[in-house]
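Colleague: Sequence first, then the predicted structure:
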Amino acid sequence: MKLLVPVKRVVDYNVKVRVKADGSGVETAGVKMSMNPFDEIAVEEAVRLKEKGAATEIVAVSIGVQQCQETLRTALAMGADRAVLVLTEESPEPLAVAKLLRALVDREQPGMVIMGKQAIDDDMNATGQMLAGLLGWAQGTFASKVELSDGVATVTREVDGGLETVALTLPAIITADLRLNEPRYASLPNIMKARKKPLETIAPGDLGVDVTPRLTTLRVAEPPVRQSGVKVGSVAELVAKLRAEAKVI
Amino acid sequence: MTALVLLDHADGRITPAARSAVTAAAALGEVHVLVTGAAIGAVAEAATRIAGVAKVLRADAEIYDKALAEPLAALLVRLAPAYDHVLAAATATGKNVIPRAAALLDVQPISEIVAVVDAETFVRPIYAGNALATVRSTDARKLITVRAANFDAAAAEGGSATIEEVEAGEATPAVSRFVSTELSTSDRPDLASARVVISGGRGMQNGENFKLIEPIADALGAAIGASRAAVDAGYVPNDYQVGQTGKIVAPDLYVAIGISGAIQHLAGMKDSKVIVAINKDAEAPIFQVADYGLVADLFAALPELQAELAKAS
């Protein structure tokens, strides 16, 4: 079975983002970029399935600017076999991404698409569900465990009250939550090998997809800053203040 | 304009988060709610009494019983043409279903809104809440999930809506099937809607030590939460997690015990009315958002806090 793993290039999760002074967005110039952490988990899961013999080939896909090649090389170094970059000037919205991925699914015919549950830049948490909808495939979102047997993926999902397990008839979409696995670090030899793995670049037009955004960002602002309060000297003082001053207990 | 809200319910009760979504919808026009599941007569009756709801659509059928995304999204797609807005609380169900339905309607969904500006303009957090984006949708129909902590829950009583039956979709060869749930059981209030939340972090050192928090939670009528670090370390189950990728809470009182205050944790609790932090590291970032900070060893402070709360006020 072939696996398709979409990966997104985002501002590194350790970077404290700054809103641009003109309110048009957040500053990304000169900022460290990395693979979306949830997508790293998705790549790791795909590589583990291949190592277990449940998958035969892993195709990593990224959609965005030329530098997304670096993100794809990371996926290749972790164990993906080849990569496809859909070159766009900006990062398209989830709806357009889902349409591009549907076109790639039509071309590649994977048995499963594994991807992060959300990107840590726009925090939409939508693309996997949308791709599943467009394809009419089953979806196993927020996955913390995936098991494959006889054309069925048994997926344990992190839900509000705890865990839920669903059985999905393949082909299916899986979106990775934090506790699905711990992604490996690519070794130096694997990073070297990844440079020689095939990476194909295509345009959205080649896939027949219109990526015009549906949402217009009118402005981006800093959230209201919370004033830091006071330090108290003892538990007794804390409880007294919560009772008399804050009146919350 | 008319808005449809997919109403979350659990154990026969409508969740407060669902009633928050009703409040958001009421800012957009007349509110209809959709109640789905098997044998949901009582829930639909309760939905008619929610303040501000004009009509309750009841889809009572086995295929909706476990709130699987595939049949629920298909149902929303069938009902959507009559509505300008389709909303759900940003719960595990809402987040699972709304984007799928949106894709089928060729709509870009708007996730986790925290404010309604007008019928096509909404505010939503990006970058783990480190920035707020105001976005305008050009889609003819808007599909939206609502961050419940930012909208007061509509009153459970006061409405007098009518009920309309919705025909169930065909039980086409299902691509997904419910297997089981493993839900945490607790007599404490629900984390997402509790008035007081007390959370432990990596500083708790192990799951056993969370027992030190329990009597304090009991004394305060609080829900117990945790940081991602504590959940990742296996101290407590995943549904305890407060943060950007866990639950977003905004209680009257949030008590952070042994939590350093990583950005992603703050994103889940910084809208709390009063924040208390107890941490032995005076430089911990949690103190920057705390109204009351106590620099102390939690293993000394927790028993003291328990004793102090036991004293009459």
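Modeller: Done, it's in. Numbers count the residues shown, from 1 in each chain, chains lettered A, B, ... in the order given.
Colleague: who are the neighbours in contact with B:Val276?
Modeller: Listed by CB atoms under 8 Å, 6 or more residues apart in numbering or on different chains, the contact partners of B:Val276 are A:238, A:242, B:253-256, B:290-294. Backbone N, C-alpha and C define where each C-beta goes, glycine included.
Colleague: quick check, it in a strand?
Modeller: Yes - applying DSSP: H, G, I helix; E, B strand; the rest coil, one finds B:Val276 inside a strand.
Colleague: For it, list each beta-bridge partner.
Modeller: With DSSP bridges applied, the residues forming beta bridges to B:Val276 are B:Val255, B:Tyr292.
Colleague: and it, what pLDDT?
Modeller: Per-residue pLDDT puts B:Val276 at 98.
Colleague: the helices in the chain, which residues?
Modeller: Assuming you mean chain A. Counting by DSSP state H, one finds helices in chain A at the ranges A:37-51, A:68-78, A:94-108, A:127-135, A:188-194, A:235-244.
Colleague: sorry, should have said chain B
Modeller: Along chain B, the stretches classed as helices by DSSP H are B:16-26, B:41-48, B:69-79, B:92-104, B:214-220, B:228-232, B:263-269, B:298-310.
Colleague: how about the ones you listed, which one is nearest B:Asp190?
Modeller: Evaluated over the helices of chain B, closeness to B:Asp190 peaks at helix B:16-26, with 7.5 Å, by CB to CB.
Colleague: angle of the closest one against helix B:41-48?
Modeller: Using axes from the mean of the first three to the mean of the last three CA atoms, to 10 degrees, the direction of helix B:16-26 lies 40 degrees away from that of helix B:41-48.
Colleague: quick one on the thing from earlier: closest to B:Gly243 out of the contacts of B:Val276?
Modeller: Looking across the contacts of B:Val276 and measuring by CB to CB, the closest to B:Gly243 is B:Ala256, at 11.5 Å.
Colleague: which residues sit against the lengthiest strand in chain A?
Modeller: Under DSSP state E, the strand in chain A containing the largest number of residues is strand A:138-149. Here strand A:138-149 makes contact (CB under 8 Å, 6+ apart) with A:45, A:49, A:54, A:114, A:117, A:128-129, A:132-133, A:153-159, A:163, A:166, A:168-170, A:172-180, B:69-70, B:92, B:95-96, B:100, B:175-176, B:238.
Colleague: Please pick the buried ones from those.
Modeller: Of the members of the contacts of strand A:138-149, the ones counted as buried by neighbours, 16 or more other CB atoms under 10 Å in any protein chain shown, are A:45, A:49, A:54, A:114, A:117, A:128-129, A:132-133, A:153-159, A:163, A:166, A:168, A:170, A:172-180, B:69-70, B:92, B:95-96, B:100, B:175-176, B:238.
Colleague: Just grab the bridge partners of the nearest residue to B:Ile126 once chain neighbours are set aside for me.
Modeller: Once its chain neighbours are removed from consideration, B:Ile126 has its nearest residue in B:Ala133; the separation is 5.0 Å (CB to CB, 6 or more residues apart in numbering or on different chains). The residues paired with B:Ala133 through beta bridges, assigned by DSSP bridges, are A:Val220, B:Arg124.
Colleague: what residues are up against A:Glu90?
Modeller: Contacts for A:Glu90 were tallied using CB under 8 Å, 6+ apart; they are A:64-65.
Colleague: Same list (the helices of chain A) but as CSV, adding distance to chain B and mean pLDDT.
Modeller: What follows is those, written out as CSV (distance: least, CB to the nearest CB, whole Å; pLDDT from 0 to 100):
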stretch, distance to chain B, mean pLDDT
helix A:37-51, 8, 98
helix A:68-78, 18, 98
helix A:94-108, 4, 98
helix A:127-135, 4, 98
helix A:188-194, 26, 97
helix A:235-244, 4, 96
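Colleague: before we move on, back to that, ok now the longest strand of chain A, how far from the chain's centre?
Modeller: Its chain's average C-alpha position is 15 Å from that of strand A:138-149, according to CA atoms, centre = their mean, to the nearest Å.
Colleague: And for stretch B:165-184?
Modeller: Going by CA atoms, centre = their mean, the spacing between the C-alpha centre of stretch B:165-184 and its chain's C-alpha centre is 22 Å.
Colleague: What residues sit buried inside it?
Modeller: Buried residues in stretch B:165-184, defined by neighbour count with 16+ other CB under 10 Å: B:166, B:168-169, B:175-176, B:183.
Colleague: first vs last residue of that stretch, how far apart are they?
Modeller: The separation between the terminal residues of stretch B:165-184, taken as CA to CA, to the nearest Å, is 33 Å.
Colleague: tell me the mean pLDDT over stretch B:58-70?
Modeller: Throughout stretch B:58-70, pLDDT has a mean value of 96.
Colleague: cool, and stretch B:12-32?
Modeller: Within the predicted structure, the mean pLDDT of stretch B:12-32 is 97.
Colleague: List the residues that contact residue 102.
Modeller: This is for chain A. Under the criterion of CB under 8 Å, 6+ apart, the contact list for A:Arg102 reads A:131, A:134-135.
Colleague: not quite, I wanted chain B
Modeller: Applying CB under 8 Å, 6+ apart, the residues near B:Ala102 are A:95, A:126, A:130, A:133, B:108-109, B:143.
Colleague: and with 6 Å instead?
Modeller: Contacts here follow CB atoms under 6 Å, 6 or more residues apart in numbering or on different chains; on that basis B:Ala102 touches B:109, B:143.
Colleague: returning to that earlier point: most neighbours per residue, which of the helices of chain A?
Modeller: Across the helices of chain A, averaging neighbours per residue (mean count of other CB atoms under 10 Å in any protein chain shown) puts helix A:127-135 on top, at a mean of 27.
Colleague: Now do that one and strand A:138-149, the angle between them.
Modeller: For helix A:127-135 and strand A:138-149, the angle between their directions (the same axes, to 10 degrees) works out to 100 degrees.
Colleague: Next, report how far the worst-scoring helix or strand of chain B on mean pLDDT is displaced from the centre of its chain.
Modeller: Evaluated with mean pLDDT, DSSP states H and E, the helix-and-strand set of chain B has its lowest mean pLDDT in helix B:263-269, which scores a mean of 91. If you compare the mean C-alpha spot of helix B:263-269 with that of the full chain, they lie 14 Å apart, counting by CA atoms, centre = their mean.
Colleague: Tell me which residues are up against that helix.
Modeller: Helix B:263-269 is contacted by residues B:128-129, B:227, B:242-244, B:246, B:248-249, B:254, B:289 when judged by CB under 6 Å, 6+ apart.
Colleague: list the contacts for the residue in the stretch 201-313 of chain B that chain A sits nearest to?
Modeller: Among residues of the stretch 201-313 of chain B, the one nearest chain A by CB to the nearest CB turns out to be B:Asp291. It sits 3.6 Å away. With CB under 6 Å, 6+ apart as the criterion, the residues that contact B:Asp291 are A:229, B:274-275.
Colleague: between the residues you listed, which is closest to A:Glu27?
Modeller: Using CB to CB, those come closest to A:Glu27 at B:Ile275, 28.1 Å.
Colleague: dump the residue contacts of the closest one.
Modeller: Residues in contact with B:Ile275 (CB under 6 Å, 6+ apart) are B:254, B:289-291.
Colleague: Could you report the pLDDT at the closest residue in space to B:Asp271 that isn't next to it in sequence?
Modeller: When the adjacent residues along the chain are set aside, B:Asp271 lies closest to B:Ala250, with 4.1 Å between them (CB to CB, 6+ apart). You'll see B:Ala250 listed with a pLDDT of 92.
Colleague: surely B:Ala250 meets B:Ser272?
Modeller: Yes - checked against CB atoms under 6 Å, the pair B:Ala250 and B:Ser272 is within contact range at 5.5 Å.
Colleague: who has more neighbours, these two?
Modeller: Looking at B:Ala250 and B:Ser272 with other CB atoms under 10 Å in any protein chain shown, you find the greater number of neighbours at B:Ser272, namely 25 against 18.
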